[in-house]
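> task: produce atomic coordinates for the following.
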Amino acid sequence: MKNMTKFLAATALTAVSASAAMADKWDMPLAYSATNFHSENAAQFAECVTAATDGAIEMVTHPSGSLFAGNDIKRAVQTGQAPVGERLISAHQNENPLFGIDSIPFLATSFDAHEKLWEVAGPKIAEVLADQNLVYLYSVPWPPQGLYFKKPVESVADMEGIKFRSYSTATARMAELTGMLPVQVEAAELSQALATGVAESFISSGATGYDRKVWEHLTHFYEVDAWLPRNIIFANKDAWDALDEAQQAAMTDCATEAKTRGLQMSKDYTQLTLDGLREGGMEVGPASDTLVGELKEIGETMTAEWLESAGDQGKAIVDDYKAMQ
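Sure, this is the predicted structure:
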């Protein structure tokens, strides 16, 4: 009897080990900290996939650029170094102008407006990603973007010579047009860049400033609601095609849930983070009418430049979006 018990226990252990060996581990690199709402949402997505596939796919998130630096995530997924990942898509506008549709200044400045824009643009972005060996899963917008400084800024003239953290073609161009000096800095490196003076200013949502405790280095946040950039979660197409239909369906269902949940998290996080910046000691409020007016003029220049680079397809997206207003 004792030998039989040992045999059954050994058999059970072997079965568990075999099941674990059969599990397909999907490492998911993320650029932002584990406490950022995008990362928290991605972690819930990963848990959903693991549960929905009965552990056949074990999805594990790696926040803060710990697996791949933010700028390397998209390429890592394209080439199969990681089966799934998340990336701020506008950071790759240099690859295709359509990736910058979410960063056209003052085109869509609220959550409702931006969701209408993405209703038109999203399918086109998915087509571009498909041509790059990527399967679009879901995307979530950041809160509206504002400007961070270490001094009061009332006009564009006050920005001249400031070292400005850029993360995309649009942010670099904004720096140039305002007389600031663009410095490429990934999210995971932002705190160090501010602490060492590599960067003195940046444009982002209240979420980034709150997560990075930028009140330790900066003093002012101006709500200009310039745009709402999006993070996109995509899978390597070869890894996706290797899944059976039930697994693909499970991942798609989890992605739909993550999209809806993430949008609400972004909305909820907006006020919380602005309050957090104030509690940290920053001055938070709307930009002056002068600054807003000058930024909108710059936005018109950037819009014209984007439309020229994006061609007929870009113009069609913008026209269809405006027709929905």
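
> ok, the residue sitting nearest the centre point of the chain - contacts?
What sits nearest the mean C-alpha location of the chain, by CA atoms, centre = their mean, is residue 231, with 2.6 Å. Under the criterion of CB atoms under 8 Å, 6 or more residues apart in numbering, the contact partners of residue 231 comprise 38, 86, 87, 88, 89, 139, 140, 142. Heads up, the C-betas are built off the backbone N, CA and C, glycines and all.

> of all those, which comes closest to residue 189?
The closest of the contacts of residue 231 to residue 189 turns out to be residue 88 (CB to CB; 14.0 Å).

> what residues are bridge-paired with that closest one?
residue 231 (DSSP bridges).

> what sits against it?
31, 70, 167, 168, 229, 230, 231.

> do a quick rundown of the strands in the stretch 151-300 of the chain.
All strands of the stretch 151-300 of the chain, identified by DSSP state E, counting those that start in this stretch, fall at 163-166, 181-184, 201-204, 220-223, 230-236, 283-286.

> how many residues are close by residue 127?
The criterion is other CB atoms under 10 Å. On that basis, residue 127 has 12 neighbouring residues.

> shift numbering so it begins at 190
Happy to do that; since the first residue is 190 now, the last one works out to residue 316.

> residue 396 touches residue 460, doesn't it?
No - under the criterion of CB atoms under 8 Å, residue 396 is not in contact with residue 460, lying 10.9 Å apart.

> same drill for these two, tell me which one is more crowded.
Set residue 396 next to residue 460 and count neighbours by other CB under 10 Å: residue 396 wins out with 22 against 11.

> excluding residues flanking it in the chain, which one is nearest the more buried one?
In space, not counting the residues next to it along the chain, residue 396 is nearest to residue 462; the distance is 4.9 Å by CB to CB, 6 or more residues apart in numbering.

> relative to residue 454, how far out is that neighbour?
Relative to residue 454, residue 462 is positioned 11 Å away (CB to CB, to the nearest Å).

> of these two, who's got more company?
The neighbour count for residue 462 versus residue 454, taken as other CB under 10 Å, is higher for residue 462 (21 against 18).
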